[in-house]
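[1] no sequence on this one, just coordinates:
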């Protein structure tokens, strides 16, 4: 098959692994910077121009779109979809998952375990927000944050009120969540491919750090997850409409609670921690689900 990988940096571990896995199984893969694509909208002929030429047709496309360029990246992905390329994750599902509040609302609707969360207008009374959560400690998150950026732990009501007021003063949208103390600074990353968890790792934050992100100095190791955790991860992926994603769980006293569903999960940490060829499993998923030759139009390049 002829595959396309949408990403900004072709040299990242996740992207080189996907290219290697595709080539190892006899496929070709073009790496395309979605921010350099031009969308040429014409009746009956969806064209994507790249570096001065119209791109050829593709059987499937793997979107690796950063959170900061979600709008343009998903617009480019939609053009591939219109042309008939099979999207590993659909544009609408990526957009849905990038909205933290919308994600939580969809997961809540499915009855999936979540930390109690408050979203309020900037003019709201901070003390009322904290009262509804049972007081500090609480976790305060910027809706647009990624990789642990814009996530703060407030251990006292006074500190939490100050942060909420400060963000309200600059018009930033935030979520205020209960702090799951019993998680002990650890979370579980489940890598979902299709309807299966193909790999899972336990991430632990660096000393004195409540965030477990590997980008922030956390560590990771392979872990065997429970049937309930496995079911929660798969149900979360389905709620978002994502075929490939990372689901981050906390182990709470009331069972697994979902913190985030990531539509472009990194592969380096989980492949190295578990020894599992996740990239290969993603290519296998494409082989089973993409239909070669279904593309509607032919490119000119």
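    Received the coordinates, thanks. The structure displayed is predicted, hence computed values, not measured ones. Numbers count the residues shown, from 1 in each chain.

[2] what is the burial count for residue 21?
    When neighbours are defined as other Cβ atoms under 10 Å, residue 21 has 21 of them. Yep, even glycine has a C-beta here, placed from its N, CA and C like the rest.

[3] can I assume it sits in a strand?
    No: according to DSSP: H, G, I helix; E, B strand; the rest coil, residue 21 belongs to no strand; its state is helix.

[4] now do the contacts for it.
    Counting by Cβ atoms under 8 Å, 6 or more residues apart in numbering, residue 21 makes contact with 277, 279, 280, 282, 283.

[5] try residue 33
    Taking Cβ under 8 Å, 6+ apart, one finds 6, 7, 8 in contact with residue 33.

[6] ditto for residue 180
    With Cβ under 8 Å, 6+ apart, residue 180 has these contacts: 115, 250, 252, 257.

[7] kindly report the same for residue 226.
    residue 256.

[8] mind checking pLDDT for it?
    Residue 226 is assigned a pLDDT of 97 by the prediction.

[9] what separates it from residue 200, distance-wise?
    10 Å (Cβ to Cβ, to the nearest Å).

[10] the strands in the stretch 101-250 of the chain, which residues?
    117-119, 138-142, 151-154, 174-178, 186-193, 196-204, 219-222, 244-252 (DSSP state E, counting those that start in this stretch).

[11] buried stuff in stretch 285-293?
    Buried residues in stretch 285-293, counted by 16 or more other Cβ atoms under 10 Å: 285, 286, 287, 290.

[12] quick one on the thing from earlier: show me how to select, in ChimeraX, the buried members of the contacts of residue 180.
    To isolate in ChimeraX the members of the contacts of residue 180 that are buried, counting by 16+ other Cβ under 10 Å, one can use:
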select :115,250,252,257
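
[13] and the strands of the stretch 101-250 of the chain, which is most packed in?
    strand 186-193 (a mean of 24; mean count of other Cβ atoms under 10 Å).

[14] distance of residue 161 relative to residue 136?
    When residue 161 is compared with residue 136 (using Cβ to Cβ), they lie 9 Å apart.

[15] shared neighbours of those two, anything?
    residue 130.
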